[in-house]
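Q: starting from these lines, generate the structure:
(one chain, ligands or ions: 1)
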Amino acid sequence: SVDASVIPLNQGISRLQVLVILYDVTYLRQVEKMQLDFVGNVSHELKTPVTAISGFAETLLGGAKNDPATLDRFLGIIYDESKRLTQLINDILTLSRPDSNQNVAASVALKKLVDDALHNLAKVIQDKQVRVEVAITPDLLVVTDERKLTQIVRNLLNNAVFYNRLAGHVTISAQVVDHQLSLAVADTGIGISETEQARIFERFYRVDKARSRHNGGTGLGLAIVAELVKSMDGHVAVHSQVGVGSTFTVTLPVGEGPHRG
Ligand code: ADP
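A: Residues are numbered from 1 along each chain as shown. Now for the predicted structure:
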């Protein structure tokens, strides 16, 4: 979509300049459309838990609270939905943080960072009986933005567990070669078809909306990973086969810390 009436050709401007300006207009409209789409998606996603919370609260107030079993069940739903709302707001804030292009470099013990992330996921890992293997040497130190790397690792591990089969496996491995950190998270889960692989990094895109929601997913986890990795001049890729599993590989330029021991 271009607005040709903006710059008439008869004002001494060369054809090339006109083309450049027209291109700019198209680009700006695309950005504008993406922003509008995002706001539309955000509103829609926020509405879902809010509607559930107010609906169940209203039913309780209307008399359902007198049945103890119903009271318990509805309060459980209200609690879960409010947690989803908090997660959504946190994810949206992460995506819209203005300082996201700045990196705060620090020396990070990678194995400890991964172990801490796993600790936070302990309950889901246990419920799903997933076996997690960490193939990272304890003395691997990298100089990078710790907060960003933590979030990347957490989101990838979250998905590797959530989209796994019962009693499946997750392997997280990392090496540094020539100041490049390669971090791979592999799972034995449901897998992702090639067509879907092209879209999963988009904001709010989910292969199976119901399943993602059920797991507490916001549809923003991988969009956040992609954005953080980009802001660190890195790269993220996925290899996957439906019914077999997926491997997400993040490559980041890092400083190398001294090796202890
Ligand atoms: P969500 O909150 O829905 O998990 P993400 O952005 O993290 O959002 O992921 C987007 C979609 O990609 C998910 O809904 C899921 O369909 C798919 N996906 C992500 N990670 C995996 C994985 N390890 N295995 C299979 N599917 C995955």
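Q: please name every helix or strand in contact with the helix or strand harbouring D24.
A: If you go by DSSP states H and E, D24 is part of helix 15-61. If contacts are counted by 3 or more C-beta pairs under 8 Å, 6 or more residues apart in numbering; DSSP states H and E, helix 15-61 sits against helix 68-96. All C-beta atoms are positioned from the backbone trio N, CA, C, and that covers glycine.
Q: what residues of the helix it packs on count as buried?
A: By neighbour count on 16 or more other C-beta atoms under 10 Å, the buried set for helix 68-96 is F74, I78, E81, R84, L85, Q87, L88, D91, I92, T94, L95.
Q: get me the contact residues on the stretch 151-261 of the chain for the ligand.
A: 159-160, 163, 187, 189-192, 200, 205-208, 212, 217-223, 246 (C-beta under 6 Å from any ligand atom).
Q: nearest residue to E133 other than its sequence neighbours?
A: Leaving aside its sequence neighbours, E133 sits nearest to T171 (C-beta to C-beta, 6 or more residues apart in numbering; 4.6 Å).
Q: N66: neighbour count?
A: N66: 8 surrounding residues under other C-beta atoms under 10 Å.
Q: kindly report the same for Q151.
A: A count of nearby residues for Q151, using other C-beta under 10 Å, gives 18.
Q: next one: N155
A: Number of residues near N155 (other C-beta under 10 Å) recorded here: 22.
Q: for A52, see how far away G76 is.
A: Going from G76 to A52 by C-beta to C-beta, to the nearest Å gives 12 Å.
Q: correction: the previous question concerned T188.
A: Note on T188: its distance to A52, by C-beta to C-beta, is 33 Å.
Q: center of this protein, which residue is that?
A: Nearest to the mean C-alpha position of the chain, by C-alpha atoms, centre = their mean, lies G221 at 1.5 Å.
Q: just the helices from the stretch 151-261 of the chain, written as ranges.
A: With DSSP state H, counting those that start in this stretch, the ranges of helices along the stretch 151-261 of the chain come out as 194-197, 209-214, 221-231.
Q: what comes up buried for the second one?
A: The reference is to helix 209-214. Neighbour counts over helix 209-214 (16+ other C-beta under 10 Å) mark S212, R213 as buried.
Q: residues making contact with it?
A: Outside of helix 209-214, the residues within contact range by C-beta atoms under 8 Å, 6 or more residues apart in numbering are T48, R84, R206, G219.
Q: next, give me the two most distant ones among the residues you listed.
A: Farthest pair in the contacts of helix 209-214 (C-beta to C-beta) is R84 and R206. Separation: 13.6 Å.
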